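Visitor: give me coordinates for this.
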Amino acid sequence: MVGNVELLKRVVGSFKGVSTGDAIGKQTESLRFEEINQWFPGGVTGFHGPIGSIMPRYEGKHYFWKFGETTDDTEQTTSIARVITRGFPITHASVGEELMQCKKSNRPTLQLGKFQQFGDPSRIAFEGDGCGAAMRVAPIGALYSYEKIHELVSSVFEASIPTHGGRIAICGATAIAAAVSAAIDNKSPDEVLQHAVRAARLAEKYRQSTTDENISTLIMQVHEDLSNQATLSLEYIKEKYMPWKTPNIVALAISLAVITNSAEKTTLLAANLGGDTDSVASMGAAIAGAMSPESVNESWYQAVEFVNGNELVNLASSIVKLRSKSEV
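Guide: Numbers count the residues shown, from 1 in each chain. Next comes the predicted model:
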């Protein structure tokens, strides 16, 4: 069993991974692979502008994103962490109360915005297969140990359904949380992968399949394919697994984390690939940051903390205490 000091180090690494991956990835979010070099000649290597200043590509948009600013990925992750620190159990209504307060990416066309327009924190969604649930569940992985997989799966389901009720969304979120859980328990990369796959399969019970896509199968497929490549080629990944939709986003986040064992490398690979860069980077770095806390780029994190504060990391110690109690 991992001691509390080591647990805290890994949970902090995971949470720092969430926020740094989120902020670095935001610089290229929604760009196609071919467009990244137009904005970032030579590719993304860190923050490409003064910290706290508006990114040029977001000038004149509906929201002026700043260098170092985190997105809804970190905001909603922090919301889940707040719910956890208030005690058990995690319910869709308690998560809904927190999500009602979120301000980022809550336009009426998005799942969070639709949820907030209903005005009912206890509302349950039966649709929605985006990655909005997967991006916020790292704290659930921090709460439950490797052995508590059934409790983890149930809690992820509750945390997902206020906004994302589709099978793909729920299974993807469960896989991410389980990978974080195993990483915090210092499991091997293969064990992290297998735990994510097992959890995703367990979560299939909550919703009937409406598509041929299967998260657990794709995670295994992507990992095996990329592991067999001599190098992680972005050109190759772009052609086969471009992260525009949840299955590829989740599979890439997990695969990049367990292959590189580095939050920094995972973040840069995601940021230079294009697509949903901030989600792949934040989820992948959450896993890799738990596996190898020292792989989180501390200068990036200091920039993120300067712009956004450090509430998420500050909640880590309380979650570690709850995790330790649940193991007794």
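
Visitor: now stretch 29-43: buried residues?
Guide: 29, 31, 33, 36, 40 (16 or more other CB atoms under 10 Å). Glycine gets a C-beta too; all of them are placed from N, C-alpha and C.

Visitor: now the second one: closest residue in space that isn't a chain neighbour?
Guide: Okay, so that is L31. Spatial nearest neighbour of L31, excluding adjacent residues (CB to CB, 6 or more residues apart in numbering): G274 at 4.9 Å.

Visitor: name the residues that touch the worst-scoring helix or strand of the chain on mean pLDDT?
Guide: None of the helices or strands of the chain scores lower by mean pLDDT, DSSP states H and E than helix 316-327, at a mean of 88. Residues outside helix 316-327 that contact it (CB atoms under 8 Å, 6 or more residues apart in numbering) are 1, 4, 7-8, 11-12, 15, 81, 84-85, 87-88, 139, 142-145, 147-148, 151.

Visitor: low pLDDT regions in the chain?
Guide: Applying pLDDT under 70 to the chain picks out residues 1, 88, 326-328.

Visitor: OK, contacts around the residue nearest in space to the middle of it?
Guide: For the chain, the residue nearest the mean C-alpha position is M283 (2.7 Å; CA atoms, centre = their mean). Neighbour list for M283: 18, 21, 73, 131, 134-135, 138, 176, 249-250, 253-254 [criterion: CB under 8 Å, 6+ apart].

Visitor: ok, A271 next?
Guide: Neighbouring residues of A271 by CB under 8 Å, 6+ apart: 24-25, 27-28, 44, 277, 281.

Visitor: who does the top helix by length along the chain touch, helix- and strand-wise?
Guide: In terms of residue count, the longest helix belonging to the chain (DSSP state H) is helix 4-26. In terms of contacts (3 or more CB pairs under 8 Å, 6 or more residues apart in numbering; DSSP states H and E), helix 4-26 is packed against helix 72-85, helix 138-143, helix 167-184, helix 263-273, helix 277-291, helix 298-308, helix 311-314, helix 316-327.

Visitor: what's next to the shortest one, contact-wise?
Guide: The contact list for helix 311-314, computed with CB under 8 Å, 6+ apart, reads 12, 15-16, 18-19, 74, 77-78, 81, 305.

Visitor: so how far is that helix off the chain centroid?
Guide: 16 Å (CA atoms, centre = their mean, to the nearest Å).

Visitor: just the third one next, same as before
Guide: The gap between the average C-alpha position of helix 167-184 and the chain average comes to 9 Å, counting by CA atoms, centre = their mean.

Visitor: C-alpha coordinates for that helix, PDB please?
Guide: Extracted in PDB, the C-alpha atoms of helix 167-184 (Å, rounded to 0.1, in the frame of the first residue of the first chain):
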ATOM      1  CA  ARG A 167     -22.900   5.200 -22.900                       C
ATOM      2  CA  ILE A 168     -19.700   6.400 -24.600                       C
ATOM      3  CA  ALA A 169     -19.400   9.400 -22.300                       C
ATOM      4  CA  ILE A 170     -19.900   7.300 -19.100                       C
ATOM      5  CA  CYS A 171     -17.500   4.500 -20.200                       C
ATOM      6  CA  GLY A 172     -14.900   7.000 -21.200                       C
ATOM      7  CA  ALA A 173     -15.100   8.900 -18.000                       C
ATOM      8  CA  THR A 174     -14.900   5.700 -16.000                       C
ATOM      9  CA  ALA A 175     -11.800   4.700 -17.900                       C
ATOM     10  CA  ILE A 176     -10.000   8.000 -17.100                       C
ATOM     11  CA  ALA A 177     -10.900   7.900 -13.400                       C
ATOM     12  CA  ALA A 178      -9.700   4.200 -13.100                       C
ATOM     13  CA  ALA A 179      -6.400   5.000 -14.900                       C
ATOM     14  CA  VAL A 180      -5.800   7.900 -12.400                       C
ATOM     15  CA  SER A 181      -6.700   5.600  -9.500                       C
ATOM     16  CA  ALA A 182      -4.300   2.900 -10.600                       C
ATOM     17  CA  ALA A 183      -1.600   5.400 -11.300                       C
ATOM     18  CA  ILE A 184      -1.900   6.900  -7.800                       C
END
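
Visitor: how much does it deviate in direction from helix 316-327?
Guide: Between helix 167-184 and helix 316-327, the angle comes out at 90 degrees (axes from the mean of the first three to the mean of the last three CA atoms, to 10 degrees).

Visitor: who does helix 167-184 touch, helix- and strand-wise?
Guide: Helices and strands touching helix 167-184, by 3+ CB pairs under 8 Å, 6+ apart, are helix 4-26, helix 138-143, helix 149-160, helix 189-203, helix 215-227, helix 246-260, helix 277-291.

Visitor: those into JSON lines, with extra columns for distance to Y58?
Guide: Below are these laid out as JSON lines (distance: least, CB to CB, whole Å):
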{"stretch": "helix 4-26", "distance to Y58": "9"}
{"stretch": "helix 138-143", "distance to Y58": "25"}
{"stretch": "helix 149-160", "distance to Y58": "29"}
{"stretch": "helix 189-203", "distance to Y58": "33"}
{"stretch": "helix 215-227", "distance to Y58": "30"}
{"stretch": "helix 246-260", "distance to Y58": "21"}
{"stretch": "helix 277-291", "distance to Y58": "13"}
